[in-house]
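> Have a look at this prediction, sequence included:
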Amino acid sequence: MTGLNIDASRTALLSMDMQTAIISIYTKDNPNFLPRVARVLDVTRKNRIRLLHVQVGFRPGLPEVDPRNQLFGAVKSSPKWQQIFQGPAGAIHPDVAPHGDEIVITKHRVSAFAGTDLDMILRANQVDTLILVGIATSGVVLSTLLHASDADYRLVVVKDCCTDLDSEVHACLTEKFLPQRATVLTADELLQSLQSASV
């Protein structure tokens, strides 16, 4: 991959919804997914690119959720589904967990921006470029990218560090839709670009 110039001081990688239960549901047939993401996060840290973690979380009883919300309303009405976001199951997976003072953003909707202070933190740190990895491609990745695109962030999506339960949806998004708004590349291509640029 050539032509990807990243200024580490103005770039952040968003690792999104990499929670233990979510990973177990979405990557059970993809054993290389988690090690690949972990490798990207490690190289990101070595290149001094800011790393932020985004997770789904709720207070007891889910007061943040309106029952009219088709997706999260179903979670609110189901104690079984709520367990996905509680305790160890809801924690960021240890293999991709935050290090040191890395910021964790807790969200209550699909997008990492909806109702959070993510945009404030990024702008306070002069970040204008976002690298996105996460689960699911048709969920947090798509929703976050659309908001970020409208907010004029420069965007990079690491397609094999995103996944979806529907492989055809993932392929359609990463091959046809997301490239209209972002640079879409593989983990190896990203790491090669970082190494070549000596960020």
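Alright, I've got the coordinates. These figures come from a predicted structure and were not determined experimentally.

> Run through the neighbouring helices and strands of the longest strand anywhere in the chain.
Longest strand of the chain, by residue count under DSSP state E: strand 154-163. Using 3 or more C-beta pairs under 8 Å, 6 or more residues apart in numbering; DSSP states H and E as the contact definition, the elements that strand 154-163 packs against are helix 33-46, strand 129-135, helix 142-150, strand 183-185, helix 187-197. C-betas here are computed from N, CA, C, even on glycine.

> in the helix or strand following that strand, what counts as buried?
Helices and strands here follow DSSP states H and E; after strand 154-163, the next one along the chain is helix 167-172. The neighbour-count check on helix 167-172 (16 or more other C-beta atoms under 10 Å) flags H170 as buried.

> Give me the average confidence score over helix 167-172.
The predicted model assigns helix 167-172 a mean pLDDT of 98.

> Contacts for that helix next, please.
Residues outside helix 167-172 that contact it (C-beta atoms under 8 Å, 6 or more residues apart in numbering) are 137-138, 162-164.

> what's the offset of it from the middle of its chain?
For helix 167-172, the distance between its averaged C-alpha position and the chain's averaged C-alpha position is 17 Å (C-alpha atoms, centre = their mean, to the nearest Å).

> Relative to the centre of this structure, find the outermost residue for me.
Residue distances from the centre of the chain (C-alpha atoms, centre = their mean) peak at S77, which lies 25.8 Å from the mean C-alpha position.

> re the thing from before, which residues outside the longest strand of the chain are in contact with it?
4, 6, 26-27, 30, 33, 36-37, 40, 128-137, 141, 145, 148-149, 170, 174, 178, 181-187, 190.

> picking up where we left off before, and among the helices and strands packed on strand 154-163, the most buried is which?
When those are scored by mean count of other C-beta atoms under 10 Å, the highest mean neighbour count falls to strand 129-135 (a mean of 26).

> quick one: that one to helix 33-46, angle?
Here the directions of strand 129-135 and helix 33-46 differ by 160 degrees (axes from the mean of the first three to the mean of the last three C-alpha atoms, to 10 degrees).

> In PDB, list the C-alpha atoms belonging to strand 129-135.
Only the C-alpha atoms of strand 129-135 are listed here, as PDB (Å, rounded to 0.1, in the frame of the first residue of the first chain):
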ATOM      1  CA  THR A 129      -7.200  11.100  11.100                       C
ATOM      2  CA  LEU A 130      -8.900   8.000  12.400                       C
ATOM      3  CA  ILE A 131      -7.900   4.400  11.900                       C
ATOM      4  CA  LEU A 132     -10.900   2.100  12.500                       C
ATOM      5  CA  VAL A 133     -11.000  -1.500  13.700                       C
ATOM      6  CA  GLY A 134     -13.900  -3.200  15.300                       C
ATOM      7  CA  ILE A 135     -17.000  -5.400  15.500                       C
END
